[in-house]
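> the sequence and its predicted three-dimensional model are supplied below.
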Amino acid sequence: MMLLSDGIVIAVTLYFFMRVLRTAPPDHVDEEEANYPRGG
Amino acid sequence: MSAHKESWGSRVGLVLAMAGNAVGLGNFLRFPVQAIQNGGGSFIIPYLVCFLLMGIPLLFVEWSMGRFGGKYGDHSTPFILNSLGGKGRLWKYVGVFGIFTNLAVAAYYCYLESWTLAYVWNSVSGAFSGQSADAVSAMFGQYVSLETGTPIFFWLFCLVINTWILSRGLSGGVEIVSKVGMPLLIFFGIFLAIKGVTLQAGSEGAINDGIAGLNFLWTPNFSSIWDFKVWLAAAGQIFFTLSVGMGSIQCYASYLRQRDDVALNAMSAGWMNEFVEVVLGASILIPISVGYLGVERVIELTQTGGLGLGFRTMPFLFQQWGPILSVLAGVAWFGLLFFAGITSSLAMGTPVMGFLRDEFGWSRQKSAWTFGASILVLGAPCVFFFNQGVFDEYDYWAGTVSLVVFAMLEIILFAWVFGMDKGWYEITRGADMKVPGMFKFIIKYVTPLILIAVFLGSLLSEGGILDKIANKTLHAQIAATTDPTQLEALQTQLLYVNGSRALLVLLFAGIAFLVYKAQVKRERFGRITPTV
């Protein structure tokens, strides 16, 4: 039971995190975009 | 009144901060104990089903609610819910929960966090070396009884650290701590898990192999799956572990750009929390404890939860590993608990600051130090009257009941008032993954029903909300006591319990008043809530 659940959890966690890393936009913040309508 | 400008520095930083928000002390101290008490290995089945049917949907909902609110310059739940509720004017008062919970939980959580820091120091300074099991256990009792000034020092130090980091902002403070703290936490966790699992009977004073602890934790009792209480426990664990129903996820997500993904980010952060809980959380506390104490003793010690095992027992067990490894293990164990704690407490400060900055135009520094001062005042009763049950009262009402009530109401708002079609559009807009269509059905029908069941279960069960309100357990103890000293102690405890509840009610009312004032201010300045 432990091997099965640990295996599933590790595999799914790595899958999603790798997808985040692969699709991550550049780290710099576009000021215009970052300040997208903020009310006021 | 102009809303403040702030944003995340990077996507990985955001995911780590969200995962850090979810990962808390409960991943290491609560989950393994819940598993033992609810069917061992078979607990994972209701647990993962609840994650799928309640946890993931709530993550999708809270992330997309937050990004939606950010579009209108709202970074805390009162006015995020107000935007979603359209013409319904009362939703902002439901959103009060998202400020109240964070303030009240941070008040006692920072104290808990300070214990971990103090125990890192105790491990390094050799305070546990050469002590007997009873002496190490007694140290914890002396600590919370404030027999020295050390607990106060570490508590204040923790408050200052939290406040200072918050005053540095999201990308300059919270994100940096998450990027450093989460990898360190995982590294410490892997080190202790390997050590725990590879324990060998007869070596370093162990009476069992570490594997015996894993077998004890994971051996399934499939008959427990048909027990409603086990499902309630699994749902409760998913709730607390993901930090849903708090208002902090919405706040973090409100700083996303409108074209940013929420679906993949939510899945990644949620599963990272599951990795820390199911894989690491299950491989440290129980295997090491069973290795040295045996199954029977561990069952006995976990009757009152995992906190005692974590603070009273583990420091002594580490001493069996020799002078150097015991220090390293102590630093790793309490260090990982500290990082788990601080990444969560920082997430509690952000919604409060967001509210003050959005509605009253306060600076980041002013709102951060106001948050720090608030949790100092609110936390003081937990510190000074810990043994009178104040800490537990905060934990129950703010850290348990409020979460369930808020999550139940917010999902009804999202799926039924805002509308599932618009809600689904918000979840899938800009998504970097295909969100399975079944979640549209689950969010609309299944999750609200589960949450209503969890709420009713908590309300009506024995020892539940109604019994708590009536102080049934305390009154029963008072009725059964004949010793005048004990009777006086119990009556004093009753006074503190009711006093702390009154304080929490006052806090909620005070925040609701501030929300009312903010609404008046918005109307005066023409900042009208959009009709969606």
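Cool, the structure landed.
> now do the SS call for the residue lying closest to residue B:280 once chain neighbours are set aside.
Distance criterion CB to CB, 6 or more residues apart in numbering or on different chains; nearest residue to residue B:280, sequence neighbours excluded, is residue B:189 at 3.8 Å. Every C-beta, even on glycine, is put in place using the N, C-alpha and C of the backbone. At residue B:189 the chain is in helix, as set by DSSP: H, G, I helix; E, B strand; the rest coil.
> okay, now residue B:189: neighbour count?
Other residues lying near residue B:189 total 25 when counted by other CB atoms under 10 Å in any protein chain shown.
> please apply the same query to residue B:287.
27.
> and residue 23, what pLDDT?
Since no chain was named, I'll use chain A. At residue A:23, the model reports a pLDDT of 82.
> chain B was what I was after
pLDDT, residue B:23: 96.
> quickly find the element holding residue B:317.
In this assignment (DSSP states H and E), residue B:317 forms part of helix B:314-318.
> just for chain B, where's the confidence low?
Scanning chain B for pLDDT under 70 picks out B:1-4, B:528-532.
> what's next to the strand or helix carrying residue B:92, contact-wise?
Assigned by DSSP H and E, residue B:92 belongs to helix B:91-94. Residues from elsewhere that reach helix B:91-94 (CB atoms under 8 Å, 6 or more residues apart in numbering or on different chains): B:78-79, B:81-82, B:84-85, B:406, B:409-410, B:413, B:417, B:512, B:515, B:519.
> so which of these is the closest to residue B:109?
Within the contacts of helix B:91-94, the smallest distance to residue B:109 is 17.0 Å, found for residue B:406 (CB to CB).
> you'd agree that closest one is up against residue B:96?
No: using CB atoms under 8 Å as the test, residue B:406 is too far from residue B:96 to be in contact (9.2 Å).
> who touches both of the two?
Common neighbours of residue B:406 and residue B:96 are listed as residue B:77 (criterion: CB under 8 Å, 6+ apart).
> who has more neighbours out of these two?
Legend: neighbour count by other CB under 10 Å for residue B:406 and residue B:96, higher for residue B:96 (27 against 24).
> separation between residue B:225 and residue B:49?
Distance check for residue B:225 against residue B:49: by CB to CB, to the nearest Å, it reads 10 Å.
> likewise residue B:490?
Residue B:490 is 41 Å from residue B:49, by CB to CB.
> on the three-state scheme, the closest residue to chain A within chain B is what?
Per CB to the nearest CB, residue B:73 is where chain B lies closest to chain A, at 2.3 Å. Classification of residue B:73 by three-state DSSP places it in coil.
> now do the SS call for residue B:130.
coil.
> for it, what are its contacts?
Per CB under 8 Å, 6+ apart, neighbours of residue B:130: residue B:319.
> up against chain A, what does the stretch 51-200 of chain B have?
B:70-74, B:171 (CB under 8 Å from any CB of the partner chain).
> which of the residues you listed sit farthest apart?
B:72 and B:171, at 21.7 Å, using CB to CB across these.
> so what touches the strand or helix carrying residue A:17?
Here residue A:17 sits within helix A:2-23, counting by DSSP H and E. Under the criterion CB under 8 Å, 6+ apart, residues B:11-12, B:15, B:41, B:44, B:48, B:214, B:217-218, B:261, B:264-265, B:267-268, B:271-272, B:274-275, B:278-279, B:282, B:432-433 lie in contact with helix A:2-23.
> same deal with stretch B:410-418?
B:57-58, B:61-62, B:65, B:77, B:81, B:84-86, B:88, B:91, B:94, B:245, B:423, B:443-444, B:447-448, B:451, B:532.
> buried only: go through these for me.
With neighbours counted using 16 or more other CB atoms under 10 Å in any protein chain shown, the contacts of stretch B:410-418 contain these buried positions: B:57-58, B:61-62, B:65, B:77, B:81, B:84-86, B:91, B:94, B:245, B:423, B:443-444, B:447-448, B:451.
> helices - which of these land there?
B:57-58, B:61-62, B:65, B:77, B:81, B:84, B:91, B:94, B:423, B:447-448, B:451 (DSSP state H).
> what's the weakest-modelled helix or strand in chain A?
Every helix and strand of chain A was ranked by mean pLDDT, DSSP states H and E. The lowest is helix A:31-34, at a mean of 49.
> which positions in the stretch 201-350 of chain B make contact with chain A?
Counting by CB under 8 Å from any CB, the stretch 201-350 of chain B comes close to chain A at B:214, B:217-220, B:257-259, B:261, B:264-265, B:267-268, B:271-272, B:274-275, B:278-279, B:282.
> restricted to strands, list the residues you listed.
Of those, none are assigned to strands by DSSP state E.
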